[in-house]
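**Student:** below is the structure, and that's it, no one-letter string:
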């Protein structure tokens, strides 16, 4: 009897052990299945994302070299803003201007670092998708609207330069002191012609990387512009100064002002309101960063950061030299569009004519590079995830150019563009959006909300909000109190 009980007890123990092992096995199997399913879902989402990128934008084979990427990003940084930097220096003084220029350059590099880190976390290199990951559909719409607003403003400033400089080039070629009433002196007609026959064909290219060649030519033209500005400092002793003609003396064949020929190290006036936005506007390239990163050969976060650092440093040097020599040529009389100031000295100067041609080529070739992110933003809002279609690619480009041309025809002057865009979309793209995306996207397990990196990023975002509110407030007050519609010397 005891033997039977003992055998039954052993059988019961073995049965319990077997059931326990079976349950453990089933539990492990279930956990393994859930883990595999989670990984499978994550991979599926990532693969869908890659597929979406391939069909919408590029083939992602990494065709663009490091050098071409630097050309493209430098070209995206450098633009019409370079023509307003001497004006900014004249209204801040040399010391304050240099401090602001260094600060904005460093902050731009840091914000690109935030963008690249967010991109690595979520596995996407589309700006609008970062907004989607951070705040859902509202974040996607916000990012697309800010990018569209900024790049439309940038395109407008480029076409504005064409509108006012191309008639002067034609006038100089014809040897006329004053333009006639012929159609080829009408800037509005000329920007339409340039948009149709030069900008539109380049904007219809499928891949942004191919524009690296035109970007190299554009940068070469701006380098020539810088050399001419440095040379002109040595031949123009002091600027024309119509506002102080009673103090004028005669020097180097031009009427100049003794009073206006001294450099200021530090100054603040009503025009300083526009100076800070102009500097910020000159460094915005963030909508182009992720598309260029996408097409970079053997792309890594470190390599793209190097592309950004090299581009920002190169443009910093160009900006600094252009501002210093432009300011020391015209001092307080420099216009917000510096090329126009040279026209006061000699409208038929051949060197200035060549500089105008170089700048016109540069800004014309930059417009298609700026148009790409706007088209991407529109596609992300209207038709996300859809395959590439040539008709849609062409239609968006045509509609954008038509609307920007209409905008430029009715804009009073370029300083309004610099001021408004530099006070709204520029701080959003440099400070605010990269920061709030970072705070939401980087997991709290990796970086707690009160960790040093996230506190630093939160402060970075607050600087952007303060910058935006302050700049806009001062500009609105300036518009209301002075009612100025004649800014920029045009």
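**Tutor:** Done, it's in. As the structure is a computational prediction, the values presented were derived from the model and not from experiment. Residues are numbered from 1 along each chain as shown.

**Student:** CA only for contacts and neighbour counts going forward, please
**Tutor:** OK.

**Student:** chain center to the helix or strand hosting residue 105: distance?
**Tutor:** Under the criterion of DSSP states H and E, residue 105 resides in helix 94-122. Centre-to-centre, helix 94-122 and its host chain are 12 Å apart (C-alpha atoms, centre = their mean, to the nearest Å).

**Student:** in a strand, residue 302, correct?
**Tutor:** No: Residue 302 is assigned helix when assessed by DSSP: H, G, I helix; E, B strand; the rest coil, not a strand.

**Student:** that one: neighbour count?
**Tutor:** Look at residue 302: counted by other C-alpha atoms under 10 Å, it has 12 neighbours.

**Student:** over to the one 3 residues further on?
**Tutor:** Number of residues near residue 305 (other C-alpha under 10 Å) recorded here: 18.

**Student:** likewise the one 10 residues further on?
**Tutor:** Residue 315 sits with 22 neighbouring residues when counted by other C-alpha under 10 Å.

**Student:** now do the helix holding residue 105, average pLDDT.
**Tutor:** Over the span of helix 94-122, the pLDDT mean works out to 93.

**Student:** now do it: which elements does it pack against?
**Tutor:** In this structure, helix 94-122 packs against helix 127-135, helix 272-283, helix 286-295, helix 301-330, helix 433-441, with contacts taken as 3 or more C-alpha pairs under 8 Å, 6 or more residues apart in numbering; DSSP states H and E.

**Student:** buried stuff in that helix?
**Tutor:** Along helix 94-122, the positions that meet the burial threshold by neighbour count (16 or more other C-alpha atoms under 10 Å) are 94, 96-98, 100-101, 104-105, 107-119.

**Student:** returning to that earlier point: winner for burial among the helices and strands packed on helix 94-122?
**Tutor:** Of all these, helix 272-283 carries the top mean neighbour count, a mean of 27, counting by mean count of other C-alpha atoms under 10 Å.

**Student:** ok, now which ones touch the residue most central in space within the chain?
**Tutor:** By C-alpha atoms, centre = their mean, the chain has its centre lying nearest to residue 285, at 2.5 Å. Counting by C-alpha atoms under 8 Å, 6 or more residues apart in numbering, residue 285 touches 73, 76, 77.

**Student:** so where's the protein uncertain?
**Tutor:** Counting by pLDDT under 70, the ranges of the chain that qualify are 1-62, 208-215, 239-260, 412, 483-490.

**Student:** run through the strands of it in chain order.
**Tutor:** For the chain, the strands identified by DSSP state E occupy 248-251, 254-257, in order along the chain.

**Student:** picking that back up, quick one: which of the helices and strands packed on helix 94-122 is nearest residue 262?
**Tutor:** helix 301-330 (8.3 Å; C-alpha to C-alpha).

**Student:** I'd like to know which elements the closest one is packed against.
**Tutor:** With contacts defined as 3+ C-alpha pairs under 8 Å, 6+ apart, the secondary structure elements packing on helix 301-330 are helix 66-77, helix 85-90, helix 94-122, helix 212-235.

**Student:** output the ones you listed as CSV; include the columns distance to residue 173.
**Tutor:** Compiled in CSV, these are given as follows (distance: least, C-alpha to C-alpha, whole Å):
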stretch, distance to residue 173
helix 66-77, 28
helix 85-90, 27
helix 94-122, 36
helix 212-235, 19
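
**Student:** tell me which of those helices sits nearest to residue 473.
**Tutor:** helix 85-90 (18.2 Å).

**Student:** quick one on the thing from earlier: could I get the contacts of residue 285 as JSON lines with neighbour count?
**Tutor:** Conversion of those to JSON lines gives the following (neighbours: other C-alpha atoms under 10 Å):
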{"residue": "73", "neighbour count": "27"}
{"residue": "76", "neighbour count": "24"}
{"residue": "77", "neighbour count": "26"}
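
**Student:** and of these, the nearest to residue 400?
**Tutor:** Using C-alpha to C-alpha, residue 76 comes nearest to residue 400 of the contacts of residue 285, at 17.9 Å.

**Student:** which residue packs closest to that closest one, ignoring adjacent ones?
**Tutor:** residue 285 (5.5 Å; C-alpha to C-alpha, 6 or more residues apart in numbering).

**Student:** hmm, who's touching stretch 267-274?
**Tutor:** Contact with stretch 267-274 is made by 88, 91, 92, 93, 96, 415, 418, 419, 471, 474, 475, 478, as judged by C-alpha under 8 Å, 6+ apart.

**Student:** turn the residues you listed into JSON lines, columns for distance to residue 67.
**Tutor:** Compiled in JSON lines, the contacts of stretch 267-274 are given as follows (distance: C-alpha to C-alpha, whole Å):
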{"residue": "88", "distance to residue 67": "31"}
{"residue": "91", "distance to residue 67": "36"}
{"residue": "92", "distance to residue 67": "35"}
{"residue": "93", "distance to residue 67": "35"}
{"residue": "96", "distance to residue 67": "33"}
{"residue": "415", "distance to residue 67": "33"}
{"residue": "418", "distance to residue 67": "29"}
{"residue": "419", "distance to residue 67": "32"}
{"residue": "471", "distance to residue 67": "36"}
{"residue": "474", "distance to residue 67": "41"}
{"residue": "475", "distance to residue 67": "39"}
{"residue": "478", "distance to residue 67": "43"}
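
**Student:** check these and tell me the two furthest apart.
**Tutor:** Set against one another by C-alpha to C-alpha, those have their most distant pair in 96 and 478, with a gap of 21.1 Å.

**Student:** go through the helices and strands packed on helix 301-330 and name the closest to residue 363.
**Tutor:** Distances from residue 363 to each of the helices and strands packed on helix 301-330 were compared using C-alpha to C-alpha; the minimum, 7.3 Å, belongs to helix 212-235.

**Student:** distance from the closest one to the middle of the chain?
**Tutor:** The chain centroid and the centroid of helix 212-235 are separated by 20 Å, computed with C-alpha atoms, centre = their mean.

**Student:** near residue 395, how many other residues are there?
**Tutor:** Neighbour count of residue 395, defined by other C-alpha under 10 Å: 12.

**Student:** and it, how far from residue 143?
**Tutor:** As defined by C-alpha to C-alpha, to the nearest Å, residue 395 lies at a distance of 22 Å from residue 143.

**Student:** check residue 82 too.
**Tutor:** Between residue 82 and residue 143 the computed distance is 26 Å (C-alpha to C-alpha).

**Student:** between these two, which is the more surrounded one?
**Tutor:** Comparing residue 82 with residue 143 by other C-alpha under 10 Å, the one with more neighbours is residue 82, at 25 against 22.

**Student:** just checking, that one touches residue 317?
**Tutor:** No: shown here, residue 82 and residue 317 do not form a contact pair, counting by C-alpha atoms under 8 Å, at 11.3 Å.

**Student:** okay, now residue 361: neighbour count?
**Tutor:** Residue 361 has 19 neighbouring residues, counting by other C-alpha under 10 Å.

**Student:** tell me who's in contact with it.
**Tutor:** Residue 361 is in contact with 218, 221, counting by C-alpha under 8 Å, 6+ apart.
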